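Undergrad: give me coordinates for this.
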Amino acid sequence: MGESSREGAGGAGSLPGVSYVMPVLNEAPYVRAAVERLLAQDYAGPYDITLAVGPSNDGTEDVLEQLSREYPNVRLVPNPVASTSAGLNVAIRASSFPIVIRVDAHSLLPPEYTRIAVETLQRTGADNVGGLMDARGTTPFEKAVARAYRSRIGLGGTQHHVGGKEGPAQTAYLGSFRRDRLEAVGLFDEEVRRGQDWELNRRLRAAGGTVWFTPELVVTYQPRSSIRSLVNQFFATGMWRGELVRRFPSANSLRYFAPPVLVVLLAASSIVGLLGLAGLIIGAPLGWLTLAFIVPVLYLLFVVVAALIIGSRDGFAAMLRFIVVVPTIHVSWGVGFIGGFLELSHDLHSRSGR
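TA: Numbering: from 1, shown residues only. All right, here's what the predicted structure looks like:
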């Protein structure tokens with residue numbers, strides 16, 4: 001970083017410098033668009049962009065090398081651990097401006113994002129400011145996933161998914177941080193591979209700081225494009241949420257327990273119903289147990305009605321996929337949560353992968 005950039009980080013009346021940090025792993029289709037949105041910000045202060053690059057196998061590193069050649073402000077640093085938390089910390093330590101803005105390769109920041117974030121930090125005195133994750137898809141499947149993200153039936157209706165009033169919040173999407181506050185609490189916990197934002201914001205609040213939500217910050221999020229990637233995403237997210245609930249039992253919303261409770265109910269009622277069906281076949285007096293099938297049937301009807309009311313807004317093809325997407329999110333998240341809470345997965349303590 002040149003001396004002129006450093007001068008812009010201090011000085012009375014000058015805008016504080018901004019360091020964008022982004023962990024990148026297997027994001028070849030998305031990362032260029034995400035970086036170019038940073039380069040197009042209307043913020044007048046100095047900035048730099050640091051990308052923490054994990055060992056990818058989809059050509060991501062080639063894309064990033066090209067970006068760093070095209071744009072001098074784009075710096076690449078290695079992230080051999082390949083986790084999000086480790087990558088964020090590597091990028092934060094490699095940068096130096098007083099405002100740190102976290103970016104995700106699936107997120108497209110509007111031109112005014114940085115300006116609003118810095119203004120909000122200065123106006124509120126908050127440690128961290130975040131906004132709305134506005135999921136938008138292009139294919140019918142992506143549109144169905146995006147609609148599930150933006151509806152209460154899909155992800156529970158948190159502020160950063162469905163919106164709300166400006167004010168203090170438990171956590172924030174992405175995050176624009178004051179570097180000194182971020183460093184004071186020890187950066188991201190590298191033992192936490194998912195839910196690291198929530199865990200960091202918990203420490204900021206415990207230290208007397210404020211996490212602030214503003215609906216003025218709207219970030220376009222590009223959702224997963226296949227069932228397999230969606231399952232992997234939500235299983236891992238649920239697993240780490242289960243681990244965080246186990247670690248910090250008093251700091252969690254009741255909505256986190258809805259998916260695992262649903263999974264237990266669906267599994268138990270299906271097993272009981274199958275026992276009743278077997279009883280009917282062999283003539284045993286167990287036929288009444290088939291009434292247990294009412295639970296999965298009611299859940300399926302609930303999803304279908306939601307698809308007709310909510311999923312149909314994106315067209316018939318997206319509506320049909322919504323019927324598949326919602327149970328995929330719920331069940332993957334719920335099964336992962338149970339595994340994480342009971343510490344059934346070695347991935348909780350593995351330092352490889354993301």
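Undergrad: across the sheet, point out what pairs with W212.
TA: Per DSSP bridges, the residues bridged to W212 are V129, P168.
Undergrad: so where's the stretch 51-200 of the chain shaky on pLDDT?
TA: Residue ranges of the stretch 51-200 of the chain with pLDDT under 70: 156-157.
Undergrad: over to the spatially closest residue to L108 that is not a sequence neighbour. Which of the three states is it?
TA: Excluding the flanking residues, the one nearest L108 by CB to CB, 6 or more residues apart in numbering is T220, at 4.1 Å. For glycine as for every other residue, the C-beta is placed from the backbone atoms N, C-alpha and C. Secondary structure, DSSP: H, G, I helix; E, B strand; the rest coil: T220 is strand.
Undergrad: excluding its backbone neighbours, what's nearest I116?
TA: Sequence neighbours aside, E216 is the residue nearest to I116 in space, at 5.2 Å (criterion: CB to CB, 6+ apart).
Undergrad: burial count for that neighbour?
TA: 15 (other CB atoms under 10 Å).
Undergrad: confirm that it sits in a strand.
TA: Yes. Assessed with three-state DSSP, E216 lies in a strand.
Undergrad: was I right to think L132 contacts L174?
TA: No. L132 lies out of contact with L174 (CB atoms under 8 Å); the separation is 10.3 Å.
Undergrad: what is in contact with the two at once?
TA: Taking CB atoms under 8 Å, 6 or more residues apart in numbering as the criterion, L132 and L174 both touch V219.
Undergrad: which residues of the stretch 201-350 of the chain score low on pLDDT?
TA: Short version for the stretch 201-350 of the chain, where the test is pLDDT under 70: 251-252, 345-350.
Undergrad: direction included, what does whichever strand or helix holds D48 pair against?
TA: Element membership for D48, per DSSP states H and E: strand 47-53. Sheet pairing of strand 47-53 (DSSP bridges) gives strand 18-24 (parallel), strand 74-78 (parallel).
Undergrad: any idea how far R123 is from V129?
TA: Note on R123: its distance to V129, by CB to CB, to the nearest Å, is 10 Å.
Undergrad: same question for Y149.
TA: The gap separating Y149 from V129 is 21 Å, by CB to CB.
Undergrad: quick one, which of these two is more surrounded?
TA: Neighbours were counted for Y149 and for V129 using other CB under 10 Å; V129 has more, 31 against 20.
Undergrad: pretty sure the more buried one contacts Y173?
TA: No. Counting by CB under 8 Å, V129 stays clear of Y173, with 10.3 Å between them.
Undergrad: how long is stretch 170-185 from one end to the other?
TA: 16 Å (CA to CA, to the nearest Å).
Undergrad: how about it: buried residues?
TA: Neighbour counts over stretch 170-185 (16 or more other CB atoms under 10 Å) mark 171-179, 181-182, 185 as buried.
Undergrad: just send these back as CSV, with distance to Q196 too.
TA: Output for the buried residues of stretch 170-185, formatted as CSV (distance: CB to CB, whole Å):
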residue, distance to Q196
T171, 10
A172, 12
Y173, 13
L174, 12
G175, 10
S176, 16
F177, 13
R178, 18
R179, 17
R181, 16
L182, 13
V185, 12
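Undergrad: which ones among these lie within helices?
TA: Among the buried residues of stretch 170-185, DSSP state H puts 179, 181-182 in helices.
Undergrad: any idea how far the residue lying farthest from the centre of the chain lies from A292?
TA: Most distant residue from the mean C-alpha position of the chain: G283, 50.8 Å away (CA atoms, centre = their mean). Look at G283 and A292: by CB to CB, they are 19 Å apart.
Undergrad: what's the answer for V185, then?
TA: From V185 across to A292, the span is 48 Å (CB to CB).
Undergrad: got it, and A207?
TA: For A207, the distance to A292 - CB to CB - is 49 Å.
Undergrad: got it, and L274?
TA: Computed as CB to CB, the L274 to A292 distance reads 9 Å.
Undergrad: which residues touch R37?
TA: When contacts are counted by CB under 8 Å, 6+ apart, R37 touches 108-111.
Undergrad: what do you get for M133?
TA: By CB under 8 Å, 6+ apart, M133 lies in contact with 107, 149, 160-161, 173-174, 219, 221.
Undergrad: which of those residues lies closest to I309?
TA: Of all the contacts of M133, Y149 has the smallest distance to I309: 16.3 Å, by CB to CB.
Undergrad: lovely, talk soon.
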